[in-house]
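J.: Generate a structure from the sequence data that follows.
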Amino acid sequence: MDMSETELLPIFPLSNVVLFPRVKTPLHLFEPRYRQLAREVLKGERRIGMVVVRPEHAEDMPGNPPIYPIGCAGLITESQRLPDGRYNLVLLGEHRVRVVGELPPDASRLYRLARVARLEEPYPDAERERVGRLRSAIIEDVGLLVRHTQTERSHPFDPALFAGVDDETFVNAVSNAFAFPPPEKQGLLEADSIPERFARLASSLSFQRLELEGRRGGGPRFH
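T.: I've put the predicted structure just below:
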């Protein structure tokens, strides 16, 4: 790979948060290395790479555990520095990235710094009819799951909430909204095209619906 096509990006590894393009995620930074990361990026381009730690290494979070190679670059849209030095941030996903390497540790830098390459989100015109069918199935399953798992909602689920939302934003927002296990969300992020992400999401929601029907009243949780 041509290194001129990559960029250096501070990375923030977590075991339970997957950032999707076009989706906002709140973050609370309290470790000294991530406080330093926040201070540095807020002085510059305000960008962070969100990556997920492989589940078998979740217990190694205090160190530098292995991560999945595909993550998401994000832009800090809101920031609050607390009196004790912690930070509350809101990160807006920009685009997927592949980590192609990490810089060696630096005595003055506590956080991890990676070289990343931007990943595109192909959406061939020939797939739009198929995506339309998948989108309808997803909306139907979302409605069913919400009705059966959030009976305390004061208003019924309204499919019109999705009207006017473009396909890429739609599939990323729904992928983010359901509390799938992190490896499953990572699989959604790693889908190599918008149609493939739709197919994976439709499959995951269909499984949740069948599981719900099987146990009569359980189901997924929204964040």
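
J.: Give me the below-cutoff pLDDT ranges for this protein.
T.: Counting by pLDDT under 70, the ranges of the chain that qualify are 1-4, 61, 149-158, 215-223.

J.: all strands of the chain, in order?
T.: 6-14, 24-29, 47-52, 70-81, 87-102, 112-118 (DSSP state E).

J.: Just want the angle from the fourth one to strand 47-52.
T.: Relative orientation of strand 70-81 versus strand 47-52 (axes from the mean of the first three to the mean of the last three Cα atoms, to 10 degrees): 120 degrees.

J.: Report all helices and strands that strand 70-81 contacts.
T.: Contact here means 3 or more Cβ pairs under 8 Å, 6 or more residues apart in numbering; DSSP states H and E; on that basis strand 70-81 packs against helix 32-42, strand 47-52, strand 87-102, strand 112-118, helix 182-190. To be clear about C-beta, it is placed using only N, CA and C from the backbone, and glycine gets the same treatment.

J.: Tell me how this structure divides into domains.
T.: 3-118, 125-215 (automatic domain parsing).

J.: I'd like those as JSON lines, with mean neighbour count appended.
T.: Output for those, formatted as JSON lines (neighbours: other Cβ atoms under 10 Å):
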{"stretch": "domain 3-118", "mean neighbour count": "16"}
{"stretch": "domain 125-215", "mean neighbour count": "16"}
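
J.: how about the helices and strands packed on strand 70-81, which one is nearest R147?
T.: helix 182-190 (22.4 Å; Cβ to Cβ).

J.: Show me how far the closest one is from its chain's centre.
T.: Per Cα atoms, centre = their mean, to the nearest Å, the displacement of helix 182-190 from the mean C-alpha position of its chain is 8 Å.

J.: Stretch 184-201 too?
T.: Taking Cα atoms, centre = their mean, one finds the center of stretch 184-201 at 11 Å from the center of the full chain.

J.: Could you list everything the nearest residue to V97 once chain neighbours are set aside pairs with in the sheet?
T.: Of all residues not flanking V97 in the chain, V116 sits nearest, at 4.0 Å (Cβ to Cβ, 6 or more residues apart in numbering). Here V116 sits in beta bridges with E7, V99, going by DSSP bridges.
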